[in-house]
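>>> Provided below are the primary sequence and the corresponding predicted coordinates.
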There are 2 protein chains.
Amino acid sequence: MPEADERRETAEQLALTLSEHGMQRMAARVLAAAIFAEQPTLTQGELTEELAVSTGAVSGAITMLTSVGLVERVPAAGSRRDHYRLRDDAWARLFSRQNEVVEAMLRMARHGVEITSEDGYARSRLEEMRDFYAFMVGEFPALIERWQQQRATKER
Amino acid sequence: MPEADERRETAEQLALTLSEHGMQRMAARVLAAAIFAEQPTLTQGELTEELAVSTGAVSGAITMLTSVGLVERVPAAGSRRDHYRLRDDAWARLFSRQNEVVEAMLRMARHGVEITSEDGYARSRLEEMRDFYAFMVGEFPALIERWQQQRATKER
DNA sequence: CGAGAATTTCAGAAATTTCTGAATACTCAG
DNA sequence: CTGAGTATTCAGAAATTTCTGAAATTCTCG
């Protein structure tokens, strides 16, 4: 199999997994393309060609990816086009977004506990939910910090 | 606001959050209803009525929730209907499913490293991705175990 | 400032997901 | 065994998401 095809296929597989877990389809494809690209940065035009989609679709996906900090715009002197690339800390960021979900779940559990009557079935389920997510909210930041330290250590 | 309405609304909010993160909409609504129900178990008929949807939709959602271990069928003597409830360890299970995602990401990163050329841009991005997910795969099981221990300690 | 190149926006088309409704298949009490 | 009450299945309808294409806008350079 031609190398380029294999790369594309693997990238599409990654995009599929990401989109199955809530990421918009085109955003996932653009992210995957940015990861697998053999260039340091990509322009929207290059992405449009690589993915064979409309410019509008790429533009929308990049707006989304930039806003959540997975992709960044790179100042490119002497070029009329914008260049983009995967952010250095993209994975930690993607993971941190989980943290927000966990916090949302915790808030909902707490709210649920407040509005349900004591000793009811719903109340005890919600207390369990609250305790679980409170635990996770407590653990996540330390987890990410450990990663960052390990990473910093490795790279000199 | 009538108590029941507030409960329903809060449940729907939870369902919305779950569905925004990849859970099928109806499955999310059924799960939320099971959490907020003031009964110990629910029948499909009760869910159908509570959510005002077709029997088919509830059946499909329950099949899905049962297969991933979030909801279980409860043997109900002397009843022709099946009774269901939230599993005791549902939250840890929901979280563990994340673990599978993390493992999938790790596999894809490794595959990507294999098929990209050494010293290329894609290769180094994929190595970073691989290291991150390898770290997470290493940490998750311990995280869940800590939760289970803490939980076991609290009760009793 | 003006032309050329690229990006953004957005209405509507296309694709996909999700739900309904009704037929079919179970299951358990009698 | 039988049949009344439930659950499952599935084709097609409905709803939602996603993408395209083209016009409007922005930006850069000469």
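Nice, thanks for sending it over. Numbers count the residues shown, from 1 in each chain, chains lettered A, B, ... in the order given.
>>> does the longest helix belonging to chain A reach chain B?
Ordering each helix of chain A by length in residues (DSSP state H) puts helix A:121-154 first. Yes: applying C-beta under 8 Å from any C-beta of the partner chain, one finds helix A:121-154 touching chain B at A:121-122, A:125-126, A:128-129, A:131-133, A:135-136, A:139, A:143, A:146-147, A:150-151, A:154. All C-beta spots, glycine's among them, are computed from the backbone N, C-alpha and C.
>>> which elements pack onto that helix?
Contacts defined by 3 or more C-beta pairs under 8 Å, 6 or more residues apart in numbering or on different chains; DSSP states H and E place helix A:121-154 against helix A:90-115, helix B:25-36, helix B:90-115, helix B:121-154.
>>> so what's A:P40 up against?
Taking C-beta atoms under 8 Å, 6 or more residues apart in numbering or on different chains, we find A:P40 in contact with A:85, B:121.
>>> helix, strand, or coil at it?
A:P40 falls in the coil class when you classify it by DSSP: H, G, I helix; E, B strand; the rest coil.
>>> repeat that for A:E118.
Going by three-state DSSP: A:E118 is coil.
>>> for it, the count of nearby residues, please.
By the criterion of other C-beta atoms under 10 Å in any protein chain shown, A:E118 has 7 neighbours.
>>> what's the per-residue pLDDT of the residue minimising distance to the centre of chain A here?
Centroid-nearest residue in chain A: A:L94, 3.3 Å away (criterion: C-alpha atoms, centre = their mean). Looking at A:L94, its pLDDT stands at 93.
>>> just the pLDDT for the closest residue to it other than its chain neighbours.
Leaving aside its chain neighbours, A:L94 sits nearest to A:L70 (6.3 Å; criterion: C-beta to C-beta, 6 or more residues apart in numbering or on different chains). Each residue has a pLDDT score; the one for A:L70 is 97.
>>> got the phi and psi for A:L70?
Dihedral pair for A:L70: phi -90, psi -30, per degrees, to the nearest 10.
>>> check contacts around it.
Here A:L70 is in contact with A:31, A:86-87, A:90, A:93-94 (criterion: C-beta under 8 Å, 6+ apart).
>>> from these, keep the buried residues only.
Among the contacts of A:L70, those buried by neighbour count (16 or more other C-beta atoms under 10 Å in any protein chain shown) are A:31, A:86-87, A:90, A:94.
>>> quick check: residues of chain A near DNA strand C?
Within chain A, the positions lying close to DNA strand C (C-beta under 7 Å from any atom of the strand) are A:43-45, A:55-56, A:59-60, A:62-63, A:80-82.
>>> hmm, 10 Å instead?
Proximity of chain A to DNA strand C (C-beta under 10 Å from any atom of the strand) is limited to residues A:16, A:19-20, A:25, A:42-48, A:54-63, A:66, A:73, A:76, A:79-84.
>>> just the buried ones among the residues you listed, please.
For the residues of chain A next to DNA strand C, buried by 16+ other C-beta under 10 Å: A:19, A:42-44, A:46-48, A:57-58, A:61-62, A:83-84.
>>> report the two of these separated the most.
A:S19 and A:H83 (24.6 Å; C-beta to C-beta).
>>> and the residue of chain A found nearest DNA strand D, what helix or strand is that in?
Residue nearest to DNA strand D within chain A: A:G56 (2.4 Å; C-beta to the nearest atom of the strand). For A:G56, the enclosing helix or strand under DSSP states H and E is helix A:55-67.
>>> and that helix with chain B, contact?
No: judged by C-beta under 8 Å from any C-beta, helix A:55-67 stays clear of chain B, getting no closer than 14.0 Å.
>>> isn't A:S59 right up against A:Q44?
Yes: A:S59 lies in contact with A:Q44 (C-beta atoms under 8 Å); the separation is 6.5 Å.
>>> OK, contacts around the residue of chain A most remote from its centre?
In chain A, the greatest distance from the average C-alpha position (C-alpha atoms, centre = their mean) is reached by A:D119, at 39.4 Å. Applying C-beta under 8 Å, 6+ apart, we find A:D119 in contact with no residue.
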